[in-house]
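Colleague: everything below, folded, please.
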Amino acid sequence: MTPSTPEFVFAASHEQFTPSQLLQQAIAADAAGFDGIGCSDHFAPWWPEGESGQAWAWLGAAGQATSSRRLGTGVTALVHRYHPAVVAQTFMTLEDLFPGRVFLGVGSGEALNEIPCGADWPSPAEQIERMDQALDVIRRLWAGERVTADHGWFAVRDAKLYSRADRRPDLYVSAFGPQAAEISGRHGDGLWTLGDPDRVPEILAAHRESAQRHGRDPGKLILQGLIAYARDETALLDGSRGWRGPQPPEVYRDAVGTPEEIQAVAAPQIGDDDLREKLILSTDPTVHVERVLQLVELGADIVCLQNVAGADPLGTIELYGDEVLPAVRRAIAQGEVGQLSR
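Modeller: Next up is the predicted model:
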């Protein structure tokens with residue numbers, strides 16, 4: 001089947017750049033023709049020399065500095081450091097400030113961001129249970145309910161959102177496996193996952209089956225890729241090598257609590273060739289076009305492209321605005337792109 005043109009969301013990397021640098025990137029991405037502006041939501045970076053601006057504060061500035069583009073996180077962890085009532089209040093406030101623009105992407109997070117805030121790191125099963133409970137609270141508060149509940153992890157007593165926008169934000173739930181996809185189908189307006197062709201069909205099937213069981217529309221498929229471009233290969237790799245940190249599965253599963261520990265786990269496992277495979281990392285613009293089209297072919301309704309180009313972040317945005325996104329949109333419009341059946 002021939003795909004429709006998805007939304008292309010630019011994602012800012014708080015782990016890599018300062019908030020002021022990211023604001024300039026968001027303005028550039030807005031001008032380059034991206035359909036939305038998102039950002040990561042971290043307390044700590046993946047490597048010791050990284051950054052870690054606060055995502056929600058930054059979104060307010062980004063919303064004011066850009067046009068009518070979509071706006072949200074990819075993704076906010078619902079495990080420890082954020083109480084779901086505060087998450088619900090924050091994103092409803094953003095929706096009132098920027099009507100029709102706001103989405104909340106949520107996930108189960110990493111020990112890297114929770115242990116520094118004084119929390120233990122739970123098992124994967126408990127992570128998913130906590131996310132499920134938090135999403136129940138968020139959805140009920142957004143619906144205007146007065147909520148009293150004690151799920152064991154998060155308690156609310158007579159909680160109500162007294163300031164509510166005309167609509168609630170869109171809610172996208174991240175899943176890397178079938179268990180989390182069960183939660184995304186139960187609560188989300190869409191599934192957010194990595195653009196891995198070996199994993200997407202299984203995760204999407206689990207999400208859709210869950211949505212059907214709960215009488216819900218499965219919503220949108222959001223596929224994420226990390227992008228980096230530079231004219232020089234050495235500079236490109238040097239500027240992106242810290243992103244080996246989030247590649248090993250154990251950094252999500254285990255209590256790996258500092259950037260130094262993350263890199264110690266990742267360095268022996270992830271080489272430059274692995275980065276080229278896992279990231280959209282190339283000095284060749286045609287490679288970027290081909291890799292983005294692969295995400296479209298997997299059935300994405302929204303393609304989230306996170307800028308990890310340490311060597312030339314603004315040049316990467318310019319390349320996507322001038323060459324990559326026009327070529328991708330042209331290929332779709334001309335029927336040159338197939339799509340997996342959904």
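
Colleague: contacts and neighbour counts: CA atoms only from here.
Modeller: Fine.

Colleague: the stretch 51-200 of the chain: helices as residue ranges?
Modeller: In the stretch 51-200 of the chain, the segments counted as helices under DSSP state H, counting those that start in this stretch are 55-65, 84-97, 111-114, 124-142, 178-187, 200-213.

Colleague: TSV for the ones you listed, including mean pLDDT, distance to Gly225 and mean neighbour count?
Modeller: Supplementary listing: these in TSV, determined by pLDDT from 0 to 100; distance: least, CA to CA, whole Å; neighbours: other CA atoms under 10 Å:
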stretch	mean pLDDT	distance to Gly225	mean neighbour count
helix 55-65	98	19	18
helix 84-97	99	24	20
helix 111-114	98	21	24
helix 124-142	97	23	20
helix 178-187	98	19	25
helix 200-213	98	13	20
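
Colleague: got a list of what Leu319 touches?
Modeller: For Leu319, the set of contacting residues under the criterion of CA atoms under 8 Å, 6 or more residues apart in numbering consists of Pro285.

Colleague: any idea how far it is from Tyr229?
Modeller: For Leu319, the distance to Tyr229 (CA to CA, to the nearest Å) stands at 8 Å.

Colleague: what touches both of those two?
Modeller: Counting by CA under 8 Å, 6+ apart, Leu319 and Tyr229 have no contacts in common.

Colleague: contact partners of stretch 69-81?
Modeller: Counting contacts by CA under 8 Å, 6+ apart, the residues outside stretch 69-81 that touch it are 9, 11, 30, 34-42, 55, 59, 63, 84, 100-110, 114, 117, 119, 127, 130-131, 134, 174.

Colleague: residues in contact with the residue nearest to Ala180 when sequence neighbours are not counted?
Modeller: Nearest in space to Ala180, with sequence neighbours left out and distances taken as CA to CA, 6 or more residues apart in numbering, is Ile128 at 6.2 Å. By CA under 8 Å, 6+ apart, the contact list for Ile128 reads Ser108, Gln179, Ala180, Ile183.

Colleague: 10 Å - rerun?
Modeller: Shown in contact with Ile128 (CA atoms under 10 Å, 6 or more residues apart in numbering): 78-79, 107-109, 122, 134, 175, 179-183.

Colleague: for the residue nearest to the spatial centre of the chain, give me the pLDDT.
Modeller: Nearest to the mean C-alpha position of the chain, counting by CA atoms, centre = their mean, stands Gly74 at 2.5 Å. With respect to pLDDT, Gly74 has a value of 98.

Colleague: same check on Pro48?
Modeller: Per the predicted model, pLDDT is 98 at Pro48.

Colleague: please pick the buried ones from the contacts of stretch 69-81.
Modeller: Among the contacts of stretch 69-81, those classed as buried by 16 or more other CA atoms under 10 Å are 9, 11, 30, 34-42, 55, 59, 63, 84, 100-110, 114, 127, 130-131, 134, 174.

Colleague: which of the residues you listed fall in strands?
Modeller: Counting by DSSP state E, the buried ones among the contacts of stretch 69-81 place 9, 11, 36-39, 102-107, 174 in strands.

Colleague: with pLDDT and distance to Glu261 added, can I get those residues in TSV?
Modeller: Output for these, formatted as TSV (pLDDT from 0 to 100; distance: CA to CA, whole Å):
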residue	pLDDT	distance to Glu261
Val9	98	31
Ala11	99	25
Gly36	98	33
Ile37	98	30
Gly38	98	27
Cys39	99	24
Val102	99	34
Phe103	99	32
Leu104	99	29
Gly105	99	26
Val106	99	24
Gly107	97	22
Ser174	98	24
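
Colleague: right, and the pair among the residues you listed with maximum separation?
Modeller: Longest distance between any two of those is 19.4 Å, between Gly36 and Gly107; criterion CA to CA.

Colleague: list the contacts of the residue nearest to Ser163 when sequence neighbours are not counted.
Modeller: If the residues on either side of it in the chain are set aside, Ser163 comes closest to Thr93, at 7.3 Å by CA to CA, 6+ apart. The neighbours of Thr93, taking CA under 10 Å, 6+ apart as the test, are Gly60, Val87, Pro99, Val102, Leu161, Ser163, Arg164, Ala165, Arg168, Pro169.

Colleague: surely the second one touches Pro169?
Modeller: Right, the one you point to is Val87. No. Under the criterion of CA atoms under 10 Å, Val87 lies out of contact with Pro169, with a separation of 11.4 Å.

Colleague: overlap in contacts of these two?
Modeller: Contact with both Val87 and Pro169 is made by residues Thr93, Leu104, according to CA under 10 Å, 6+ apart.
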